[in-house]
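> what's the 3D shape of this:
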Amino acid sequence: MRLGIYCQVENTNGVIEQRIEYIGEFSELEAIDLSNLEDVWNYYLDHPLNLNKTSKEELSSLLLLNEFQIKDLFNHLKNNGKLLSIYELQSITSWDEKTIQMLLPFVEVSDKLNQPSFKFKDVLKYGKVEFTSRYNKVLEDQTGYLEVDSITNTNAYQGNDIGIYNRLRFSYRNNISLGLTTQKDAGELMKFNDVQKGFDFNSVHFFYKGGKWLESFALGDYQIEIGQGLNFWTGYAFGKTADVIQIKKSATPIRAYTSSDESRFLRGAAVNLRWKNFSMLSFLSKKKIDGSIKELNGENYVSSITQNGLHRTGGEALRRKRLEETIVGGNLKFKVSNFEVGTSYIYQRYDLPLLKDTIPYNKYDFRGTDLFNTSVFYSYHFKNIILFGEYVPKLKKEESAIINGLLVALDKKSNLTLLYRNYGRAFHSFYNNSFSNGSKAQNENGIFIGYTNSINKKWHFNTYVDVYFYPWLKYQVDKPSKGNDFLVQLNYKPSKKTDFYVRFRQRTKESNRNDLESTSVSRITISKQNNIRFNFKSKVSDLLTLKTRVELVHHNQIGFEQELGTLMYQDFSISTRSKAFKLTMRFALFETESYLSRVYAYENNVLGLYSIPAYYDKGSRVYGVLKYHFLNKIDLWIRVGRNIYSNKEEIGNGLEEIQGNLKTEITFQLRVLI
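Predicted coordinates:
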C-alpha cells in the first residue's frame with residue numbers, strides 16, 4: 001500500500017528545472033537534449049521508488065540526493081527497520097524538509113516486495129509504447145536558405161528550414177527498453193544513399209536490466225559511466241555547480257540511449273555481470289563519426305573531429321561519417337557496504353590518423369590512430385567522511401591524470417567538500433566527464449573547496465572557491481595561466497510556497513591581449529566577471545506560480561573598458577484544475593554591452609528538450625509553452641519564442657543571419673502513450 005504522498009506531479013517542474021539549470025548554466029550549454037534523464041524521472045513518477053526496498057544506484061540515478069543523504073537513509077533502515085510512513089523521513093539526520101519535498105513525487109513507502117524477475121507475458125501485458133514527434137523552425141528568413149552556392153547552384157543550406165525529431169519506444173518498468181530515434185536539424189537534407197538512410201541521425205537501442213547474474217545488457221546505442229568520469233563517461237553529470245555537495249559521481253554502468261545528441265553515445269553491445277560482491281562490465285562500440293579529411297604524401301588523414309552533428313551545407317555534409325571509431329573497454333569492480341574499488345580499461349582506435357595542424361597551444365593534443373587508457377577508482381564511507389577518486393597512470397606518450405575528493409558531514413546541518421585534480425598536458429580521453437573548469441579534463445590542476453549549511457528550516461547557505469592552474473598554453477592564452485571561481489548563495493524559504501535566493505559569483509582568468517601597435521605579440525591580461533542574481537519564486541495558488549529574476553553582470557578586463565550586463569524577467573505558470581492545460585510564459589528585458597557580459601538563464605521547453613540561452617545585446621524576449629493533455633494518453637506542446645532587439649537591424653552572422661530586429665522560433669511536439 002502506498003502511503004503519505006501529498007505532492008502533485010506538477011510540483012516536480014521546479015525540481016527538474018533546478019537540476020537542469022545546474023547542469024547547463026555552469027557548463028554554458030545553450031541547448032541540451034536530456035531525454036535519458038527525463039526518462040528516469042518520468043519512470044519514477046509512474047513507478048515510485050519503494051524506499052524500503054531501493055538501492056543506492058536507483059537513488060543516485062535521480063540526481064536529487066547527495067551521498068550523505070543516501071547513506072543516512074540506509075543506516076536508518078538498518079537500525080530502525082523499514083519505514084512505516086513517508087513522514088518518518090524527517091527523523092533522518094541529513095534529510096531536511098526541502099529534500100523531502102523535492103523527493104516526494106518520485107518515492108513511496110510500502111511493505112510490498114520488489115519483483116526480482118518478470119515473465120514474458122507480463123512484458124507484453126504491462127509494457128508501454130510511447131511515440132513522440134517534434135517539429136521546430138525559425139520563422140524569419142535566414143541567409144543560409146536564401147544564398148545560392150556557386151558550385152552546387154543550390155541554397156547554402158541544402159535542406160528545408162524545419163527540424164524534425166521522432167522517437168518510438170517500448171518499455172516495461174525500468175527492465176526493458178526498445179526504441180528508435182530519428183532526427184534532422186533545420187537545414188539538413190533527408191536522403192537515401194549508402195551513407196545516409198532517410199533522416200540525418202538514426203538511433204536504435206535494446207536495453208535489459210534485472211537478472212541475478214546478468215545485471216544489465218545493451219544492444220545498439222547506449223551510454224557507459226565508469227568511476228568518477230576521468231577515464232570514461234559518455235553521459236551528462238554534475239560538475240561545478242551551486243549544489244556544492246554534488247561533486248561526487250555515482251556511475252550507472254550501462255544506460256539505454258534515447259537522446260538525439262549525435263556524439264556522446266556508443267554503438268554496439270555492452271554487458272554488466274554480477275557475482276556476489278564483484279561486477280564486470282564489458283563493451284564494444286563501432287560507429288562512424290564526422291571529420292575533415294586531408295591528404296599528405298598520398299595518404300589520407302583527419303585534421304579535426306566535428307561533434308556538433310550539423311550537416312546543412314555542402315562542406316558540413318562532406319565531413320559526415322568520414323572516420324570510423326572503434327572502442328573496446330570495461331571495468332571490474334569490488335563492492336561491500338562502505339567501500340568499493342575498481343579498475344577500467346579503454347582501447348580506442350580510428351581507421352585514419354588524427355593529425356591536427358601544430359599550433360603552440362595544441363602541441364600536446366592527441367595525434368595518431370590508437371589510444372589506450374586504464375584507471376583505478378575508489379569510494380570509501382567511514383562515519384561522517386566519504387573519500388573518492390580515480391587515477392589514470394602514465395602510459396607511453398600519455399600523461400597521467402588524477403582526481404581525489406573528500407566529503408565531510410561536520411554536523412547535522414553543515415557539510416564540507418574538498419576536491420583536488422591534476423590532469424596532465426598530454427592526458428587524453430575523448431569520452432570523459434570529470435570535474436574541471438574547462439570543457440575537458442586536460443592540462444589543468446586545481447583545488448575546489450565547498451561548504452553548505454542549513455542554518456534552520458528557512459535559511460540555507462552554500463559557497464565554494466575553485467582555484468586552478470593551466471600548466472600549458474590554451475586557446476587564446478599564449479602562456480601557462482591561472483584563475484579562480486568563487487560563489488556564495490543564500491536561500492530563504494519562509495514557507496512551502498515561497499522561495500528566494502541571492503547569489504554572487506566571481507570568475508577571474510587570464511587571456512591574451514593583442515596590442516593594436518603590434519598584433520603579432522600577445523600579452524596576457526586579467527579579466528574578472530562578477531554576477532549578482534536575485535531569484536524569487538512563489539506558488540500563489542494551486543493554479544498559478546510566479547517567478548522573478550534580476551541578474552547583473554560586471555565584466556572587467558585590464559586594459560579595456562568595463563562592461564555591464566542586465567537581465568530581468570518575469571515567469572508565469574498557469575494550469576487548470578483538471579491539469580489538462582498548462583501555460584508557462586516569460587517576459588524578459590536584457591541589455592549587455594557585448595557577448596562578454598552575456599547572461600545565461602534556463603527556459604522551459606517541450607518535454608525532453610531544455611534551453612539555457614545566452615541573453616546579450618539590447619532588447620526583450622517573450623516565450624510561451626502550452627501543454628494540452630487529452631484522451632488520457634496524448635500530450636501536445638506548442639512553444640513560441642521571440643527576441644526583439646532595439647540596438648540592431650541584423651541578427652546573427654554568416655548563414656544564420658536574419659535581416660531585421662526580430663527572431664521567432666516555434667516548436668510543436670506530440671506524444672502518444674499506449
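> got the residue ranges for the helices in the chain?
Using DSSP state H, the helices of the chain run over 12-27, 35-46, 56-61, 67-80, 97-103, 120-126, 314-318.
> would you list those helices in CSV and tack on mean neighbour count, mean pLDDT and distance to residue 363?
Quick note: C-beta positions are derived from backbone N, CA and C, even for glycine. Output for those, formatted as CSV (neighbours: other CB atoms under 10 Å; pLDDT from 0 to 100; distance: least, CB to CB, whole Å):
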stretch, mean neighbour count, mean pLDDT, distance to residue 363
helix 12-27, 19, 65, 26
helix 35-46, 18, 74, 36
helix 56-61, 18, 83, 39
helix 67-80, 17, 86, 39
helix 97-103, 17, 80, 46
helix 120-126, 11, 84, 54
helix 314-318, 15, 90, 27
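> what's the burial count for the spatially closest residue to residue 431 that is not a sequence neighbour?
Sequence neighbours aside, residue 234 is the residue nearest to residue 431 in space, at 5.1 Å (criterion: CB to CB, 6 or more residues apart in numbering). Neighbour count for residue 234, taken as other CB atoms under 10 Å: 23.
> surely residue 234 meets residue 224?
Yes - with contact defined as CB atoms under 8 Å, residue 234 and residue 224 form a contacting pair (5.5 Å).
> what residues are shared contacts of those two?
Shared contacts of residue 234 and residue 224, defined by CB atoms under 8 Å, 6 or more residues apart in numbering, comprise 266, 431.
> what domains does the record give for this structure?
470-532, 540-674 (automatic domain parsing).
> start to end distance for the first one?
Using CA to CA, to the nearest Å, the span of domain 470-532 from its first residue to its last is 27 Å.
> rounded mean pLDDT for that domain, please.
Throughout domain 470-532, pLDDT has a mean value of 88.
> now it, how far from the centre of its chain.
21 Å (CA atoms, centre = their mean, to the nearest Å).
> cool, and the last one?
Relative to the mean C-alpha coordinate of its chain, domain 540-674 is positioned 19 Å out (CA atoms, centre = their mean).
> now the end-to-end length of that domain.
End to end - CA to CA - domain 540-674 spans 35 Å.
> quick one: mean pLDDT for that domain?
The model assigns domain 540-674 a mean pLDDT of 94.
> if we can go back for a sec, distance check, the residue nearest to residue 431 against residue 437.
21 Å (CB to CB, to the nearest Å).
> how about residue 160?
Taken as CB to CB, the span from residue 160 to residue 437 is 40 Å.
> please apply the same query to residue 413.
On the measure of CB to CB, residue 413 and residue 437 end up 29 Å apart.
> who has more neighbours out of these two?
Neighbours per residue, other CB under 10 Å: of residue 413 and residue 437, the larger number sits with residue 437, 21 against 16.
> what's the closest non-adjacent residue to the more buried one?
Closest to residue 437 by CB to CB, 6+ apart is residue 468, at 4.9 Å.
> residue 60 is in contact with residue 250, correct?
Yes - if you go by CB under 8 Å, residue 250 and residue 60 touch, sitting 3.5 Å apart.
> so who does the residue nearest to residue 431 touch?
Counting by CB under 8 Å, 6+ apart, residue 234 has contacts 223, 224, 225, 264, 265, 266, 431, 433.
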